[in-house]
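1. Sharing a model prediction with you, sequence too.
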Amino acid sequence: TKVPVLRGWTAVEAKFGHANWYHIINTHLEVYASSKDAQNAQARELLLAIDSKKDLPVILVGDFNSQDMKDDAYEIIIDAGYEDVWADQTDFGWTCCHNDTLKGPDSYSLRIDYIFSSAGNL
């Protein structure tokens, strides 16, 4: 039996200690579409929703399923003025993937999970 998996996003406003308030948004873009069009549409829709929350700095996290920093969804977010907070680190920050059975060694060789910020380096 196939179970539909709906992708979306969640958001919370949070304050860390005595620091500023932030909009923290988590998402998981589609991975099983036949083309990147679904991911690109989801990224654009997400940015439209976030645009109304620009009164506070935004931290955008999630599984963007962008295997290359030149993937469209990644570029759409960067072009909207967000920074990839890991981009200038010295290691690659691999986040994917577990083997199919979750037994045995994992093979992390892709970066598909990202943290973006509207506030520059956090």
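-> Yes, it's here.

2. Could you list which residues are in contact with Leu47?
-> Counting by Cβ atoms under 8 Å, 6 or more residues apart in numbering, Leu47 makes contact with 76-77, 80. For the C-beta atoms, the positions are set from N, CA and C on the backbone; glycine is no exception.

3. Which of these sits closest to Lys36?
-> Closest approach between those and Lys36, by Cβ to Cβ: Ile76, at 10.3 Å.

4. Just say helix, strand or coil for the closest one.
-> Using DSSP: H, G, I helix; E, B strand; the rest coil, the structure places Ile76 in helix.

5. ok, now how distant is it from Pro57?
-> Here Ile76 is placed at a distance of 19 Å from Pro57 (Cβ to Cβ, to the nearest Å).

6. Quick check: ChimeraX command selecting the buried ones in the contacts of Leu47.
-> A single ChimeraX command selects the buried members of those (16 or more other Cβ atoms under 10 Å):
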select :76,77,80
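
7. min pLDDT across the contacts of Leu47, which one?
-> Across the set of those, Ile77 stands lowest in pLDDT, at 87.

8. Any stretches of this protein with poor pLDDT?
-> Applying pLDDT under 70 to the chain picks out residues 1-7, 32-35, 53, 66-71, 88-112, 119-122.

9. For Ile115, state which of the contacts of Leu47 is nearest.
-> Checking those against Ile115 by Cβ to Cβ gives Ile77 as the nearest, at 11.0 Å.

10. pretty sure the closest one is touching Phe116, no?
-> Yes: using Cβ atoms under 8 Å as the test, Ile77 is close enough to Phe116 to be in contact (5.6 Å).

11. What are the phi and psi values at the nearest residue to Asn20 once chain neighbours are set aside?
-> Here the nearest residue to Asn20 in space, its sequence neighbours aside, is Pro57; by Cβ to Cβ, 6 or more residues apart in numbering that works out to 6.6 Å. With angles defined as degrees, to the nearest 10, Pro57 sits at phi -60, psi 150.

12. Report how many residues lie close to Pro57.
-> Per other Cβ atoms under 10 Å, the neighbour tally for Pro57 reads 16.
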